[in-house]
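Trainee: Just to be clear, the model below is a prediction. Sequence and coordinates:
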Amino acid sequence: MSLEITKENFNEEVLNSKTPVLVDFHAAWCGPCKILGPVIDSLSEEYKDKVTVGKLDVDGNRDIAVDYNVRAIPLVLIFKDGEVVGRFTGSNPKETYSKALDEILNN
């Protein structure tokens, strides 16, 4: 299961993480977000020892959404060493995220 990311743990879990972090910016009312949810959970299991995978509710964490220029959801950002190294808007196939994570892990 993916980690719940909030304004309270964002710095620790995302910006200061020693491993890459995939964050799914979503909202409960968003249809495409619901479709993407199981993909994110699957990635969480597949990469559990190598990547932190989390979900951030934009309605409850507007400041972070604004900081990262979230204009449409779902939005998946991949962070490495506190910097955004991947940005994916909309609901993409699992392979899109897996390929990006594999590239980051192998560099």
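Mentor: Yes, it's here.
Trainee: tell me the contacts of Asn92?
Mentor: Leu36, Val76 (C-beta atoms under 8 Å, 6 or more residues apart in numbering). All C-beta spots, glycine's among them, are computed from the backbone N, C-alpha and C.
Trainee: Now for Arg71, how many residues are close by?
Mentor: One way to gauge burial is a neighbour count; for Arg71, by other C-beta atoms under 10 Å, it gives 9.
Trainee: and what of Ala27?
Mentor: 15.
Trainee: isn't it right next to Cys33, touching?
Mentor: Yes: counting by C-beta atoms under 8 Å, a contact exists between Ala27 and Cys33, whose distance comes to 6.1 Å.
Trainee: so what's in contact with these two at the same time?
Mentor: When contacts are counted by C-beta under 8 Å, 6+ apart, Ala27 and Cys33 have Ile73 as shared neighbours.
Trainee: the strands in this protein, which residues?
Mentor: Assigned by DSSP state E, the chain shows strands spanning 3-5, 21-26, 52-57, 75-80, 83-89.
Trainee: Which residues are in contact with the nearest residue to Ile35 once chain neighbours are set aside?
Mentor: Distances taken as C-beta to C-beta, 6 or more residues apart in numbering place Ser91 nearest to Ile35, at 5.2 Å, with adjacent residues excluded. Residues in contact with Ser91, defined by C-beta under 8 Å, 6+ apart, are Pro32, Cys33, Ile35, Leu36, Val39, Pro74.
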